[in-house]
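K.L.:
Have a look at this prediction, sequence included:
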Amino acid sequence: MAGLFIGRFQPFHLGHLDAVNQALKKTDMLYIAIGSTKNNYRPGNPFTVGERIEMIKTAMDEAKISPQKYLIVPVPNINNYELWPHHVEQYLPPFEKIFTSSDIVEMLFNNANKNRKKPYDIIKIQKRIDVCSTDVRNAILKNKKWERMVPNSTAKLLKTWKTQLRLKSIREA
């Protein structure tokens, strides 16, 4: 059975990695869908889809998660929540489970389930690590201790990409 975990991953942090690990205990294959792929170099979406793929891959390698257990799939934007679940389906191989901690994702796929012969099994991910990407970006901007919120591999990439300078430039633009 395959499952879906979707997010923007701006950046990929330890909460995301914990969610992936929780999902992998309940599915054979996990599709990690990257949303908002056309949004980048903006305050809430500072990273490109390619950078986010690299963050996820390096974090998965660091966590010793086999590439045979997951597939990273970029999903282009759509500005219609009602159509969004069907839009997501168009970019992925078939999946039966949805793993999320997002109330809006849960609601949208529950609505989509009303029109499906075989409804998705929506599994709420436990938020065991209290971190969000906004907190990581704000800590980077304020030069506070942010490295402990992300996998080591992600921290290295963010430093290489001079993320603090990028975030300051975006904010001031």
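P.N.:
Perfect, thanks for sending it. This one's a predicted model, so the numbers in the text were calculated from it and none came from an experiment. Residues are numbered from 1 along each chain as shown.
K.L.:
From here on, just use CA atoms for contacts and neighbour counts.
P.N.:
Will do.
K.L.:
Might you calculate how far the longest helix along the chain sits from the centre of the chain?
P.N.:
Longest helix in the chain by number of residues (criterion: DSSP state H): helix 49-62. Centroid displacement of helix 49-62 relative to its chain, using Cα atoms, centre = their mean, to the nearest Å, is 10 Å.
K.L.:
Kindly report the same for stretch 134-145.
P.N.:
Centroid separation for stretch 134-145 versus its chain: 18 Å, with Cα atoms, centre = their mean.
K.L.:
same question, stretch 77-93
P.N.:
Put simply, stretch 77-93 sits 15 Å off its chain's centre (Cα atoms, centre = their mean).
K.L.:
Give the rounded mean pLDDT of that stretch.
P.N.:
Average pLDDT, stretch 77-93: 94.
K.L.:
Give me the buried stretch members for that stretch, please.
P.N.:
By 16 or more other Cα atoms under 10 Å, the buried positions in stretch 77-93 come out as 84-85, 87-88, 92.
K.L.:
What lies in contact with it?
P.N.:
31, 35-38, 73-75, 108-109, 112 (Cα atoms under 8 Å, 6 or more residues apart in numbering).
K.L.:
ok, of these, which come out buried?
P.N.:
31, 35-37, 73-75, 108-109, 112.
K.L.:
With distance to Phe12 and secondary structure added, can I get those residues in JSON lines?
P.N.:
Below are those laid out as JSON lines (distance: Cα to Cα, whole Å; DSSP: H, G, I helix; E, B strand; the rest coil):
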{"residue": "Tyr31", "distance to Phe12": "15", "secondary structure": "strand"}
{"residue": "Gly35", "distance to Phe12": "12", "secondary structure": "coil"}
{"residue": "Ser36", "distance to Phe12": "14", "secondary structure": "coil"}
{"residue": "Thr37", "distance to Phe12": "14", "secondary structure": "coil"}
{"residue": "Val73", "distance to Phe12": "15", "secondary structure": "strand"}
{"residue": "Pro74", "distance to Phe12": "14", "secondary structure": "strand"}
{"residue": "Val75", "distance to Phe12": "16", "secondary structure": "coil"}
{"residue": "Leu108", "distance to Phe12": "23", "secondary structure": "helix"}
{"residue": "Phe109", "distance to Phe12": "23", "secondary structure": "helix"}
{"residue": "Ala112", "distance to Phe12": "27", "secondary structure": "helix"}
